[in-house]
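**Student:** Here is the input, now give the coordinates:
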Amino acid sequence: MKLVILDRDGVINEESPDFIRSPDAFRPIAGSLEAIARFTQAGVHVAIATNQSGLARGYFDIDTLNRIHALLCSRAAAIGGRIDLIAFCPHGPDAACSCRKPAPGLLQRVAKRFSVRLESVPVIGDSLRDLQAAERAGAQPMLVRTGNGEKTARALPPSLARVSVFRDLRAAAEALLSDAPDTQP
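**Tutor:** Okay, here's the model as predicted:
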């Protein structure tokens, strides 16, 4: 089974320091929904693994998060994309949970759901915690320069110095689907 795991904020939609608190605040990054459609049309399952501490902080409730995710799924579907699973951590940064990235729990949940091993599964994120979660889960971390990615790329630790870095999700999809990664330094 072919699978890709994506972070949400900063990879698919614009990052917000105030959190994405409603469907109205959801703004896809140019080309991200098309990248999801390309994965789908190539037979790749798309999963999202996202920290959503706004739930624990009381910024939005589960119904609002579900409406945001329904909007994301419908916008992707409108252009031929499909999101097969959205896994999220509802806990705050101080929670001692195993699902909040950089812990590997969300990625392990996705792997269990799809009955796959993570060794060759790309995990595309824009922050160090996304890359660390992928590394800890034994997956293939990849970085996009959108969202927090530019800042993250400048401060990669030695253990992640060789991670593939792409302009955006569209460039990552093109590289993965062509089997000839064209990374940007």
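
**Student:** rest of the way, CA atoms for contacts and neighbours
**Tutor:** Will do.

**Student:** what about the residue lying closest to N51 once chain neighbours are set aside, distance to P23?
**Tutor:** Spatial nearest neighbour of N51, excluding adjacent residues (C-alpha to C-alpha, 6 or more residues apart in numbering): C89 at 4.8 Å. Look at C89 and P23: by C-alpha to C-alpha, to the nearest Å, they are 19 Å apart.

**Student:** The host helix or strand of V165 pairs with which strands, parallel or anti?
**Tutor:** Secondary structure from DSSP states H and E places V165 in strand 164-166. Its sheet considered, strand 164-166 pairs with strand 140-144 (parallel) by DSSP bridges.

**Student:** hmm, who's touching the strand it pairs with?
**Tutor:** 11, 118-127, 130-132, 134-135, 149-150, 153, 163-169, 172 (C-alpha atoms under 8 Å, 6 or more residues apart in numbering).

**Student:** could you say what helices and strands the longest strand anywhere in the chain packs with?
**Tutor:** When the chain is parsed with DSSP state E, its longest strand is strand 45-51. On a contact count with 3 or more C-alpha pairs under 8 Å, 6 or more residues apart in numbering; DSSP states H and E, strand 45-51 meets strand 3-6, helix 32-41, strand 85-89, helix 105-114.

**Student:** switch to 7 Å and redo it
**Tutor:** strand 3-6, strand 85-89 (3 or more C-alpha pairs under 7 Å, 6 or more residues apart in numbering; DSSP states H and E).

**Student:** Include mean neighbour count, mean pLDDT and distance to R75 when you put those strands into CSV, please.
**Tutor:** Shown next, in CSV, are these (neighbours: other C-alpha atoms under 10 Å; pLDDT from 0 to 100; distance: least, C-alpha to C-alpha, whole Å):
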stretch, mean neighbour count, mean pLDDT, distance to R75
strand 3-6, 23, 98, 16
strand 85-89, 19, 98, 15
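
**Student:** Show me the one of these that comes nearest A49.
**Tutor:** A49 lies closest, by C-alpha to C-alpha, to one member of the helices and strands packed on strand 45-51: strand 85-89, at 4.8 Å.

**Student:** So which residues make contact with the closest one?
**Tutor:** For strand 85-89, contacts defined as C-alpha atoms under 7 Å, 6 or more residues apart in numbering pick out A47, I48, A49, T50, N51, Q52, C99, R100, L106.
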